[in-house]
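>>> The following comprises the amino acid sequence and a computationally predicted model.
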Amino acid sequence: MKAVIDRFEGDFAVLELENGKIVNVPADIVPQGAKEGDVLLIEIDKKETEERQKRIKDLFERLKE
């Protein structure tokens with residue numbers, strides 16, 4: 001998914017999504033140096049997701065012991 005930075009308002013970045021919706025997100029989660037008009041890519045990091053799920057599962061299993 002892509003989002004365009006429309007503007008910054010205080011502590012928020014106003015993004016326009018591909019579907020035309022406008023959303024406000026905390027400016028501190030926008031990549032440093034990003035500016036109005038920049039296109040952001042929002043994607044799932046499948047590898048990191050799997051690694052996190054495995055770590056959580058392993059912790060849960062250790063708690064059950």
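The structure has been received and is ready for your questions.
>>> Not counting sequence-adjacent ones, nearest residue to the residue sitting nearest the centre point of the chain?
Using Cα atoms, centre = their mean, the residue of the chain that lies closest to the mean C-alpha position is I42, 6.2 Å off. Excluding its sequence neighbours, the residue lying closest to I42 (Cβ to Cβ, 6 or more residues apart in numbering) is M1, at 4.5 Å. Every residue, glycine included, has its C-beta placed from N, CA and C.
>>> What ranges does the protein have for its helices?
With helices called from DSSP state H, the chain shows them at 46-64.
>>> for R7, what are its contacts?
A13, V14, E36 (Cβ atoms under 8 Å, 6 or more residues apart in numbering).
>>> Export the residues you listed as JSON lines, with columns for neighbour count and pLDDT.
Output for these, formatted as JSON lines (neighbours: other Cβ atoms under 10 Å; pLDDT from 0 to 100):
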{"residue": "A13", "neighbour count": "23", "pLDDT": "98"}
{"residue": "V14", "neighbour count": "17", "pLDDT": "98"}
{"residue": "E36", "neighbour count": "11", "pLDDT": "98"}
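>>> picking that back up, in contact with the residue nearest to the centre of the chain, which residues?
Residues counted as contacts of I42 (Cβ under 8 Å, 6+ apart) are M1, K2, A3.
>>> follow-up on the earlier one: so for the residue nearest to I42, what pLDDT did the model give?
Listed pLDDT for M1 reads 95.
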